[in-house]
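>>> only geometry, no sequence info:
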């Protein structure tokens with residue numbers, strides 16, 4: 001995913017600082033992670049603070065945007 005692709009909805013009226021903050025959080029949230037139990041790359045956020053591996057069904061509580 002290209003950096004500018006996810007920010008198409010944020011226009012000029014929001015300002016550069018807010019777009020920069022949003023892009024940092026967005027790309028931290030969407031990056032690929034490995035499961036601490038099985039090593040699979042199918043480890044994703046299920047809800048705010050809840051992370052789950054879709055392969056081994058391992059769940060862990062973590063941060064809102066990063067484990």
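On my side now, so go ahead. Nothing here was measured: the structure is a model prediction, and the numbers come from that model.
>>> need the pLDDT of residue 61.
Looking at residue 61, its pLDDT is 94.
>>> leaving out sequence neighbours, find the closest residue to it.
Spatial nearest neighbour of residue 61, excluding adjacent residues (C-beta to C-beta, 6 or more residues apart in numbering): residue 49 at 5.7 Å. For every residue, glycine as well, the C-beta is placed using N, CA and C.
>>> same check, this time on residue 56
Nearest to residue 56 is residue 38, by C-beta to C-beta, 6+ apart, at 4.4 Å.
>>> now residue 22. Its backbone dihedrals?
Main-chain dihedrals, residue 22, degrees, to the nearest 10: phi -60, psi -40.
>>> that one against residue 9, yeah?
No: Residue 22 is beyond contact range of residue 9, at 9.8 Å (criterion: C-beta atoms under 8 Å).
>>> neighbour count winner among those two?
For residue 22 and residue 9, the more surrounded residue by other C-beta atoms under 10 Å is residue 22, and the numbers stand at 15 against 7.
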